[in-house]
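Chemist: got a sequence here, can you build the structure:
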Amino acid sequence: MAESGQVLDSVADLVDRGQVPRVRQDFDRGIPCWSRKVWKAVGGLGVFCLVTASVGGHVGVGLVVFDVMALCSLTLLVLAHRSEGYREAVAHPDERSHSINLRALAGVGVILTVGNLSAFIGELASGRSGNPYYWMVMVAAIAYIVFIMLFRRTS
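Modeler: Purely as a prediction, here's the structure:
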């Protein structure tokens, strides 16, 4: 690429002149700040789970958890960069995306509560005490009642 008879010495000259995009800046521009933080936190949590499982003598479980967390982290990164709907929901949430988020959180809460309740019943059926599942079920029930009272009072 010659300009006015001059030969450019390197790619750095092209970058300095603004003719070659800076890939890192262009990539980060499309990702909301919130997504980058969550991506790093999920990846870090995966590493933390791997290390703690390895220290506890369960390297296989640690590797599985790390793989799942790495996959979730990569999915968040790809969604944040490629999905316009994801960027809109994260960067500028409107009532529709807020409603979708609330329904998704409620669904997760139901799944976790039913899972803990099932594990508690399974523990009792096996002749064990049900520990630690009864604590999780009890905390979920109390939290549900507290949130119902709080939301009824504020609305």
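
Chemist: what's the next secondary structure element after the lowest-mean-pLDDT helix or strand in the chain?
Modeler: Across the helices and strands of the chain, mean confidence by mean pLDDT, DSSP states H and E is lowest for helix 23-29: a mean of 46. Of the helices and strands lying after helix 23-29 in sequence (DSSP states H and E), the nearest is helix 33-55.

Chemist: so where's this protein uncertain?
Modeler: Where the chain drops to pLDDT under 70, the residues are 1-36, 81, 83-93, 155.

Chemist: show me where it has helices.
Modeler: 11-16, 23-29, 33-55, 59-82, 84-91, 95-125, 133-154 (DSSP state H).

Chemist: make TSV out of these and add mean neighbour count.
Modeler: Glycine gets a C-beta too; all of them are placed from N, C-alpha and C. Below are the helices of the chain laid out as TSV (neighbours: other CB atoms under 10 Å):
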stretch	mean neighbour count
helix 11-16	12
helix 23-29	9
helix 33-55	15
helix 59-82	15
helix 84-91	15
helix 95-125	12
helix 133-154	12
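
Chemist: I'd say residue 140 and residue 116 touch.
Modeler: Yes. Taking CB atoms under 8 Å as the definition, residue 140 is a contact partner of residue 116 at 6.7 Å.

Chemist: ok, residue 112 - contacts?
Modeler: By CB atoms under 8 Å, 6 or more residues apart in numbering, residue 112 lies in contact with residue 140.
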